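> Below are the sequence and a predicted model; questions follow.
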Amino acid sequence: MGGSLFQHFLGSFLLLLCFKAGLGSSFMLGDAKVGCMERERQALLHFKQGVVDHFGTLSSWGNGEDETDCCKWRGVECDNQTGHVIMLDLHGTGHDGMGDFQILGGRISQLGPSLSELQHLKHLNLSFNLFEGVLPTQLGNLSNLQSLDLSDNFEMSCENLEWLSHLPSLTHLDLSGVDLSKAIHWPQAINKMSSSLTELYLSFTKLPWIIPTISISHTNSSTSLAVLDLSLNGLTSSINPWLFYFSSSLVHLDLFGNDLNGSILDALGNMTNLAYLDLSLNQLEGEIPKSFSISLAHLDLSWNQLHGSIPDAFGNMTTLAYLDLSSNHLNGSIPDALGNMTTLAHLYLSANQLEDPEQDKRLVAHDNNNKYK
C-alpha cells in the first residue's frame, strides 16, 4: 500500500512539473501571478531574431536566469490569471530628439509567423519605427485583437486590407503613413470590418481614389465608427457617398489635405453629431452653411475657396473652442456673435476680404484669453 501511495504521489508530482513547464518558468499556485506561456515566449524570441535593434530596446528579452519570464520583458504585458501575452507595445520613441532612442526595424513580412502565435494578443503597437515591406496577412489570425497601431512606418505597405475582416474585436486601427496605394478596394474592406470598430486612422496612406462606377455595399459595415482620419490622401469628392453612411455615428472627421470640391454640404451631408471637423486645404467652394452641428468644438475650413459672409449662426455653437476660416474669399463684417462667444479660445480669420478686425470693437471686447489671427 505504501508503494502504491508513493507511486501516486510521484505521478502527481511529475504531472505538476509538466504542467508548470508548459506554462513557463514563473508559474505559481494559488493567487500568485502566472508567468508567460513557453510557446509564446519562444514566439517572442523568434520575433526578436527578425528585428533590427540598434538601440537595445529588446535587451531584456533573453534566456538568462533572470530573463525567462517574458511577462517581465520590455513592452510585454500578460494576463495575470492565464499568463498569456495580451499586449505588445514596442512603439518607437526619441524621434523628436527628447529622451532615449528606441527604434526597431526589419522586414515586417518576416515577423508575421511569430506574431500569429500570440493568439491571445489584444493590443499590438509597432508605431514610429522603421519596419519595411509588405504587411503579413497572418495578422488577420489575431482574432482577439482590440487595437492595432502600425502608424509611421513609412517604408511599410499593404496591398489589400481584406484580412481586417477577421478581427471581430478590433476597436482601434491606425495605419497612418503605411503605403496603401495598391489597396484599391479599401472602402469595401473597411465596410466588411466588425461593427466594433470605433476609431480609424488612415492619414497619409496614399489611398487610391474611389471609382464612382464601382458599387460599394455597406452590408455588415461598421455603424459605430466615431473617429475617422483620412487626411493628406488627395481624395476627391467621390468619397462623399461612402462617408454618408457613417454620418450618424461620426464625432471626429479629419479630411485635411485632400482634393474635395463642391460645397461643404456636398461633403458633409447630415453629420449632426460632429464635435471635430477639419476640411482645411481642399478645393471646397460656395458659402459657409448657415447651420453646423451645434456640438462642434473644433472647426477648420481654412485654405479653401469659400466665399460670402460669416454666418451669424456660429453664435449658436455654445461648445465651439477652435474656429479657423483663414485663407478663403470671405467678405463682409465679422458677426457680433463671434465676439460674444465665451467658449471660443482660438479664432483665425486672416487672408480673407473681411473688415479690419483691429478696428472692430466687437473683437476687442472678446475674452482676453482668446486668440485672433
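Arrived safely.

> Would you agree residue 317 is in contact with residue 340?
No - between residue 317 and residue 340 there is no contact under CB atoms under 8 Å: 11.7 Å. C-beta: built from backbone N, CA, C; applies to glycine.

> List the residues that are in contact with both of the two.
When contacts are counted by CB atoms under 8 Å, 6 or more residues apart in numbering, residue 317 and residue 340 have no shared neighbour.

> contacting residues for the residue nearest to residue 177 when sequence neighbours are not counted?
Take residue 177 and drop its neighbours on the chain: the residue closest to it by CB to CB, 6 or more residues apart in numbering is residue 152, 4.5 Å away. Listed by CB under 8 Å, 6+ apart, the contact set of residue 152 reads 92, 127-129, 176-177.

> Just say helix, strand or coil for residue 152.
Following DSSP: H, G, I helix; E, B strand; the rest coil, the label given to residue 152 is coil.

> Give me the pLDDT value at it.
On pLDDT, residue 152 comes in at 97.

> Could you tell me which residues make contact with residue 237?
Going by CB under 8 Å, 6+ apart, residue 237 touches 260-262, 266-267.

> In terms of distance to residue 42, which of the contacts of residue 152 ranks first?
Set against residue 42, the nearest of the contacts of residue 152 by CB to CB is residue 129 (22.6 Å).

> and the closest one, what does it touch?
Each residue near residue 129 by CB under 8 Å, 6+ apart is listed here: 90-92, 103-105, 152-153.

> same check, this time on residue 146
Neighbouring residues of residue 146 by CB under 8 Å, 6+ apart: 122-123, 169-172.

> Of those, which is the nearest to residue 79?
Out of those, the member with the shortest distance to residue 79 (by CB to CB) is residue 122, at 9.0 Å.

> was I right about the closest one contacting residue 143?
No - the criterion here is CB under 8 Å, and residue 122 misses it with residue 143 at 10.5 Å.

> More neighbours: which of those two?
residue 122 (19 against 13; other CB atoms under 10 Å).

> do you know how far that one is from residue 254?
26 Å (CB to CB, to the nearest Å).

> Same question for residue 321.
16 Å.

> overlap in contacts of residue 122 and residue 143?
Common neighbours of residue 122 and residue 143 (criterion: CB under 8 Å, 6+ apart): residue 169.

> For residue 166, give me its contacts.
Counting by CB under 8 Å, 6+ apart, residue 166 has contacts 140-141, 143.

> let's go with 10 Å and repeat that
Shown in contact with residue 166 (CB atoms under 10 Å, 6 or more residues apart in numbering): 137, 139-143, 145, 192-194.

> And for residue 172?
Contacts of residue 172 (CB under 10 Å, 6+ apart): 123, 125, 145-149, 196-201, 227.

> does residue 42 sit in a helix, a strand or a coil?
Here residue 42 is recorded as helix under three-state DSSP.

> For burial, what's the neighbour tally of it?
Residue neighbour count, defined by other CB under 10 Å, stands at 13 for residue 42.

> what's the nearest residue to it if we skip its chain neighbours?
Nearest residue to residue 42 in three dimensions, chain neighbours excluded: residue 117, at 7.9 Å (CB to CB, 6+ apart).

> Next, find the distance separating the one you found from residue 45.
According to CB to CB, residue 117 and residue 45 sit 11 Å apart.

> Please identify which of these two sits among more neighbours.
Counted by other CB under 10 Å, residue 117 and residue 45 do not tie: residue 117 has more neighbours, with 19 against 16.

> Against residue 328, how distant is that one?
Distance of residue 117 to residue 328, computed by CB to CB: 54 Å.

> What of residue 300?
Using CB to CB, residue 300 is found at 11 Å from residue 328.

> Which stretches in the chain count as helices?
2-23, 38-49, 112-116, 186-191, 240-244, 264-268, 336-339, 361-364 (DSSP state H).

> Pull the distance from the third one to the chain's centre.
If you compare the mean C-alpha spot of helix 112-116 with that of the full chain, they lie 22 Å apart, counting by CA atoms, centre = their mean, to the nearest Å.

> low-confidence ranges in the stretch 201-350 of the chain?
Residues of the stretch 201-350 of the chain that meet the criterion pLDDT under 70 lie in 212-222.

> Quick check, pLDDT for the residue nearest to residue 142 when sequence neighbours are not counted.
The shortest distance from residue 142 to any non-neighbouring residue, by CB to CB, 6+ apart, is to residue 121 (5.3 Å). Per-residue confidence (pLDDT) for residue 121: 98.

> Contact partners for residue 121?
For residue 121, the contact set (CB under 10 Å, 6+ apart) comprises 40, 77, 84-88, 115, 139, 141-146, 148.

> follow-up on the earlier one: residue 321 and residue 254: which is more packed in?
Regarding residue 321 and residue 254, a neighbour count based on other CB under 10 Å identifies residue 254 as having more, with 22 against 16.

> Nothing else from me, thank you.
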